[in-house]
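Asker: how would this look folded up:
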Amino acid sequence: MLVAGFPAGSFQTNCYVAAPAAGEECVVVDPGQDAVQGLDELLREHRLKPVAVLLTHGHIDHMWSVVPVCGARDVPAWIHPEDRDLLSDPGRGFSAQARQLFGGLEFTEPDDVRELSDGATLRLAGLDITVDHTPGHTRGSVTFQVPYEDAHVLFSGDLLFAGSIGRSDLPGGDYATILRSLAKTMTLPDETTVLPGHGPQTTIGRERATNPYVREAAPHEGPTRGI
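Answerer: Take a look at the predicted model:
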């Protein structure tokens, strides 16, 4: 399987492509701010043809470029229904004060939006992609699992990072809920490669052993940095 990515825009949100191999169809995961140029370069380099955009959640730093990416290639965007309203009104995902940062910006849905459901398997670009609803960062946060040889690749969005987890203090977030989602994700094999929404890749085994939010005695409150 071919997986490649890059950090996009001022939020440094990881945008990924996944395909069975170079020269084949692919899916795009989380095209954030200013992702179009970097994505075009990846597609040319690996001779890939996108067939869908998958969104781990509706925060603006993960879906900023979804309309131009989908529109240029006439492909659908997939998002959980609990976050669909953020596509056209991303300010709903932030505090009133933070919304002022996006004043004057207008967002719309792509022409073709399809809704994700918990436990569904999407058969796209020759890949079997399992959807897990993992709320807590937002109500509609999901992860995507792709089987690879004897393990999995997990696109974790802002649920799980190397050494940390996503913040839960924004509208739609809840700390107890994200810990439950995290516990469900920790049932994956240790060798599962985790590709997070921000920062470097990790593995389930490494996070199980070292991430303070994964341990039974989790910190009383979640992190409040980032988006």
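Asker: how about the strands of the chain, start to end?
Answerer: All strands of the chain, identified by DSSP state E, fall at 2-8, 13-19, 25-29, 49-54, 77-79, 113-115, 121-124, 127-133, 142-148, 151-157, 160-161, 164-165, 193-196, 202-203.
Asker: who wins for proximity to Ser88 among the ones you listed?
Answerer: Ranking the strands of the chain by their distance to Ser88 (criterion: Cβ to Cβ) puts strand 113-115 first, at 9.9 Å. C-beta coordinates here come from the backbone N, C-alpha and C atoms, glycine included.
Asker: Now do the nearest residue to Thr210 once chain neighbours are set aside: how many residues are near it, please.
Answerer: The spatial neighbour of Thr210 that comes closest, neighbours along the chain excluded (Cβ to Cβ, 6 or more residues apart in numbering), is Gly163 at 6.8 Å. Taking other Cβ atoms under 10 Å as the criterion, the count of residues near Gly163 is 15.
Asker: does Gly163 really touch Pro200, like I thought?
Answerer: No. The criterion here is Cβ atoms under 8 Å, and Gly163 misses it with Pro200 at 9.5 Å.
Asker: Can you report how many residues neighbour Leu127?
Answerer: Leu127: 22 surrounding residues under other Cβ under 10 Å.
Asker: Apart from its neighbours in sequence, what residue is nearest it?
Answerer: Val146 (5.6 Å).
Asker: How much space separates Asp190 from Asp89?
Answerer: With distances taken as Cβ to Cβ, to the nearest Å, Asp190 is found 40 Å from Asp89.
Asker: Surely Glu221 is in contact with Asp174?
Answerer: No. Under the criterion of Cβ under 8 Å, Glu221 lies out of contact with Asp174, with a separation of 11.9 Å.
Asker: Which one's more surrounded, the two?
Answerer: In this comparison of Glu221 against Asp174, neighbours counted by other Cβ under 10 Å, the higher total goes to Asp174 at 17 against 9.
Asker: Identify the residues contacting that one.
Answerer: With contacts defined as Cβ atoms under 8 Å, 6 or more residues apart in numbering, Asp174 is in contact with Pro135, Gly136, Ser168.
Asker: Tabulate the residues you listed (TSV), appending pLDDT, neighbour count and distance to Asp30.
Answerer: Below are those laid out as TSV (pLDDT from 0 to 100; neighbours: other Cβ atoms under 10 Å; distance: Cβ to Cβ, whole Å):
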residue	pLDDT	neighbour count	distance to Asp30
Pro135	98	23	17
Gly136	97	24	17
Ser168	95	22	19
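Asker: If we only consider those residues, which is nearest to Arg208?
Answerer: Comparing the contacts of Asp174 against Arg208 with Cβ to Cβ places Gly136 closest, at 17.9 Å.
Asker: Tell me how far that closest one lies from Leu170.
Answerer: Noted for Gly136: a distance of 11 Å to Leu170, by Cβ to Cβ.
Asker: which residues are in contact with both of the two?
Answerer: With the criterion set as Cβ under 8 Å, 6+ apart, the contacts of Gly136 and Leu170 do not overlap.
Asker: List the residues that contact Trp78.
Answerer: Counting by Cβ under 8 Å, 6+ apart, Trp78 has contacts Ala52, Val53, Leu54, Leu55, Val113, Arg114, Glu115, Leu116, Leu122.
Asker: er, Ala77 I mean
Answerer: Counted by Cβ under 8 Å, 6+ apart, Ala77 has contacts 52-55, 63, 66, 70, 87, 109-110, 112-114.
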